[in-house]
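Undergrad: What follows is a predicted protein model with its sequence.
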Amino acid sequence: MKIGTRKSKMALAQTREIVEALEAAHAGLSVDIAENDTLGDRDQTSKLLVHGGKGGAFVAGIRVMMRRGDIQMAMHSLKDMPGNEETPGLVIGAYRPREDARDALVLRKGLDFKTFDAAHGGSFRLGTNSVRRAAQLRRRFPGVEVIHFRGAADSRIRKLDAGKGQDLPEGGRTEPADGLVMAAAGLRRVGLADRISHHFETDELLPAATQGIVVVECAADDWQTRDRLTAINDVPAQIAADAEREVLWVLDGHCNSPIAAYAAADGDRLHLKAEVLDLDGATALRAEAYGSVGSPRALGRAVALELIGQGASDIIARTRPR
């Protein structure tokens, strides 16, 4: 069997863990890794919107391999998979246990969190490629300049420490960043957890829907692969993902809309929080509710409809690519 993945250090680490889990669950099974040089990995300058968002940048090329029969499975970070569209012929066969869903602050060497904390009213540049993080940071830290900053986690941090700006698609380069806001789980995966200066709790920066969840996708009619993947499926992660992705589905959220959602179980109860923001962070709509772990999509739908009642559809329409 073969599993497809991106060539990045982080993606390969995630995929190796899946291979180990599958081979441990099925005696005699051998799984090879097929690497894909995705558009998003090749182009380290453009905004992901140019490639159709994260789905076009990081997912589409690997799906081509699967539909061609080159691979039987594909590893994806679930937050890279569009939540507002169907994927005919493909299904998620396994959800892996959720890692740390929080965002983290990485500061240039020589700076510490006190430096950042004291700079809210002054000049401080934070780099991110996420429209959701950018909007949240502009709202929470109005004195901080948020700049476009792309690349794999390790290469971004090298640019940060070297004092290099981000090349811009229209030409030129940003000023160097003083810090970056990145996924805590990704930093751990590439051995850079020690660079985290501060974890943003979910009440500070609500994460992207399904942040920290890795999934394995396969063909809907490949019952042998689906059966094998059942052995490594994590039900708590699947429940949280179902609630959070239902928010995206009902809102018809797209790659350029700052939407956050996070679900956490407490016994048989599921707590879901969601947020929709304008790109500049000036407006932020929030909703939350409790529901049953047995009905995560119903909870996601209820929270999304509450946001729509507050005017979320108008915000999402304003941010939709034209």
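TA: That came through, no problem.

Undergrad: hey, where'd the helices end up in the protein?
TA: Assigned by DSSP state H, the chain shows helices spanning 9-25, 39-42, 53-54, 60-68, 113-117, 131-140, 153-162, 184-189, 223-230, 235-251, 296-310, 312-319.

Undergrad: Select, out of those helices, the one closest to residue 205.
TA: For the helices of the chain, the distance to residue 205 is smallest for helix 131-140, at 5.0 Å, taking Cβ to Cβ. Using the backbone N, CA and C atoms, a C-beta is placed for each residue, glycine as well.

Undergrad: May I see the buried residues of that closest one?
TA: 131, 132, 133, 134, 135, 136, 137, 138, 139 (16 or more other Cβ atoms under 10 Å).

Undergrad: now swap in stretch 276-283 and tell me
TA: For stretch 276-283, by 16+ other Cβ under 10 Å, it's 276, 277, 278, 279, 281, 283.

Undergrad: Just send the residues you listed back as a markdown table, with distance to residue 160 and pLDDT too.
TA: Listed next are those as a markdown table, based on distance: Cβ to Cβ, whole Å; pLDDT from 0 to 100:
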| residue | distance to residue 160 | pLDDT |
| --- | --- | --- |
| 276 | 29 | 97 |
| 277 | 25 | 97 |
| 278 | 27 | 95 |
| 279 | 24 | 94 |
| 281 | 22 | 94 |
| 283 | 30 | 95 |
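
Undergrad: Let's see which of those end up in strands.
TA: Using DSSP state E, 276, 277 are the members of the buried residues of stretch 276-283 that sit in strands.

Undergrad: just to revisit the earlier point, ok, which of the helices of the chain comes nearest residue 258?
TA: Going by Cβ to Cβ, the one of those nearest residue 258 is helix 131-140, 3.9 Å.

Undergrad: and the angle from that closest one to helix 312-319?
TA: 110 degrees (axes from the mean of the first three to the mean of the last three Cα atoms, to 10 degrees).

Undergrad: tell me what helix 131-140 is packed against?
TA: Judged by 3 or more Cβ pairs under 8 Å, 6 or more residues apart in numbering; DSSP states H and E, the packing partners of helix 131-140 are strand 125-128, strand 145-148, strand 259-266, strand 269-277, strand 284-292.

Undergrad: excluding its backbone neighbours, what's nearest residue 15?
TA: residue 5 (4.1 Å; Cβ to Cβ, 6 or more residues apart in numbering).
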